[in-house]
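Engineer: With the sequence up front, the predicted model follows.
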Amino acid sequence: MSPRAPDRRRVLAGAAAAFAAVPASAWAAPSALRAAARELALYSLPLIEMAGTRGRAFRNGLVANRFRHVRKLTDARTQTVTQPNNDTLYSSAWLDLSAGPVRLALPEAGERYVSLALMDMFTNNFSVLHASTAREATLIGPHAPDLPGAIRAPTDCVWALGRTLVAGPEDLPAAHSVQDGLSIAGPPGRTPAAAPARTAPWPVFFAGVQALLAEAPPPPADADRLAAFAAAGLPPAAGFDPSRFSPDEGAQIAAGLDEALDIARQGDAAGERRGGWLYPKPNLGRFGEDYRYRAQIALSGLAALPVDEALYLRAVAPDGRSELDSRRPWRLRLRADARPPVDGFWSLTIYEATAEGQAFLIDNPLDRYAIGDRTPGVAGPNGDIDILISPAAPSPEEPAIWLPAPTSGRPFLLNFRAYRPKPAMLDGGYRLPGLEPA
């Protein structure tokens with residue numbers, strides 16, 4: 001057996017022992033209990049969000065170890081996911097490795113961008129596969145015997161999320177053929193148990209956390225943190241009993257959970273502002289021990305790729321806000337000799353912001369939601385790219401290409417995505433120009 005298996009189980013066993021050794025009086029301190037509830041909630045929110053996404057997929061007919069393909073590009077009429085991608089078709093599968101290895105097959109895609117991200121239940125991308133040539137990969141679970149050449153997943157449940165680039169509506173049949181080449185071979189998987197929503201009452205929420213941590217034991221590096229939760233009266237392994245807490249203690253736990261959700265909702269502000277853009281933290285998608293950032297991205301951008309696979313930038317207004325004024329025109333100029341350096345592709349997508357804090361694609365006469373390096377006529381005669389972001393179309397004499405902004409007067413968001421960015425985009429050698437008032 002792999003040596004990793006007992007180590008991960010001992011993490012939870014140690015936390016349970018810490019809980020058993022602490023008298024009830026030690027975890028009655030309101031500040032300690034509230035803080036422990038906050039930090040445990042932040043630690044486990046990615047598990048809650050992943051399990052919720054998995055549960056919705058299974059309720060809609062998906063079974064384990066099978067792909068489901070999205071066949072249409074997102075448009076203004078599919079307002080189900082906030083800030084959607086309009087460049088790729090998604091292929092999604094939930095892999096269950098508990099019964100044995102699973103083999104993935106990817107077709108030959110040539111120059112078309114095709115990736116298959118493999119995420120553990122803590123939302124870390126432990127591998128991203130590509131399909132420039134046909135290939136196979138075998139996955140094994142954390143407790144499985146070693147298998148030469150196999151990829152060992154940190155958890156038995158893995159979300160495999162494929163992205164297939166589409167050049168436009170006329171390219172859909174070819175993209176569908178690529179999707180059909182994705183396949184999975186392995187033993188039948190289990191139907192997972194239901195998970196609580198992040199808004200569930202605290203007894204339900206933390207009982208769900210305990211069940212999910214039993215399903216997906218955390219890495220050994222987290223042992224001290226989990227033991228601290230247990231010592232404060234919130235055992236993440238076993239023995240969680242809401243009836244052991246007084247009403248005052250329950251109120252402290254509820255307050256800690258509310259604090260955690262408030263912190264997690266600040267994900268859109270996490271990162272570094274540079275030259276008019278909000279850059280993600282370099283550990284996006286591979287979070288390590290940055291549990292707060294991991295929780296924030298679980299709410300604002302679940303399934304985000306690592307920065308070396310996809311660099312996500314958000315335009316920032318002069319006052320520092322992410323919401324831009326649609327009542328004035330804006331311009332983004334990319335010189336011919338200063339195009340974004342990528343090995344994949346890049347695109348600029350616009351969204352209308354809602355009062356509820358979400359953002360969706362904008363209905364417009366061109367059915368244009370993004371402009372990228374594949375957009376027909378994107379470059380002017382001199383090779384420069386001049387993008388006008390405005391509710392009104394440019395005049396015929398205007399050399400700019402138009403990205404329609406909301407006509408409602410509501411603010412908008414601009415997201416720039418660079419897939420497979422070259423090192424210059426990651427180390428600061430290249431800076432994306434900021435927006436200018438037009």
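Structural biologist: Okay, I see it.
Engineer: Can you get me a residue count around residue 52?
Structural biologist: For residue 52, the neighbour count with other Cβ atoms under 10 Å is 17. Every residue, glycine included, has its C-beta placed from N, CA and C.
Engineer: In space, what's closest to it - neighbours in sequence excluded?
Structural biologist: Among residues not flanking residue 52 along the chain, residue 195 sits closest, at 5.6 Å (Cβ to Cβ, 6 or more residues apart in numbering).
Engineer: okay, that neighbour: pLDDT?
Structural biologist: For residue 195, the pLDDT comes out at 90.
Engineer: now do residue 168
Structural biologist: So, for residue 168, pLDDT stands at 86.
Engineer: residues in contact with it?
Structural biologist: If you count contacts by Cβ atoms under 8 Å, 6 or more residues apart in numbering, residue 168 has them with residue 374.
Engineer: So what pairs up with residue 348 in the strands?
Structural biologist: Beta-bridge pairing of residue 348 under DSSP bridges involves residue 371, residue 416.
Engineer: Next up, the contacts around it.
Structural biologist: Residue 348 sits next to 332, 370, 371, 372, 387, 403, 414, 415, 416 when contact means Cβ under 8 Å, 6+ apart.
Engineer: what are the ranges of the strands in the stretch 251-400 of the chain?
Structural biologist: 272-274, 277-279, 310-315, 330-334, 346-353, 359-360, 370-372, 385-390 (DSSP state E, counting those that start in this stretch).
Engineer: contact partners of the third one?
Structural biologist: Outside strand 310-315, the residues within contact range by Cβ under 8 Å, 6+ apart are 268, 271, 276-280, 284, 301, 304, 322, 324, 344, 413-421, 425-426, 432, 434-435.
Engineer: Buried ones among those residues?
Structural biologist: The neighbour count (16 or more other Cβ atoms under 10 Å) marks 268, 271, 276-280, 284, 301, 304, 322, 324, 344, 413-421, 425-426, 432, 435 as buried among the contacts of strand 310-315.
Engineer: Quick one: mark the members of those that sit in helices.
Structural biologist: Using DSSP state H, 425, 426 are the members of the buried ones among the contacts of strand 310-315 that sit in helices.
Engineer: Flag the shaky bits of this protein, pLDDT-wise.
Structural biologist: Applying pLDDT under 70 to the chain flags residues 1-30.
Engineer: how is it carved up into domains?
Structural biologist: Domain assignment for the chain by automatic domain parsing gives 4-54+194-264, 68-185, 269-437.
Engineer: who wins for proximity to residue 60 among these?
Structural biologist: Nearest to residue 60, of all these, is domain 68-185, at 8.4 Å by Cβ to Cβ.
Engineer: Now do the end-to-end distance for the closest one.
Structural biologist: Start-to-end span of domain 68-185 (Cα to Cα, to the nearest Å) is 14 Å.
Engineer: ok, now stretch 149-169?
Structural biologist: End-to-end distance for stretch 149-169, by Cα to Cα: 39 Å.
Engineer: that older thread, got the contact list for the residue nearest to residue 52?
Structural biologist: By Cβ under 8 Å, 6+ apart, residue 195 lies in contact with 47, 48, 51, 52, 54, 55, 208, 211, 212.
Engineer: Check the contact between the first one and residue 209; I expect there is one.
Structural biologist: Yes - under the criterion of Cβ atoms under 8 Å, residue 47 makes contact with residue 209 at 6.8 Å.
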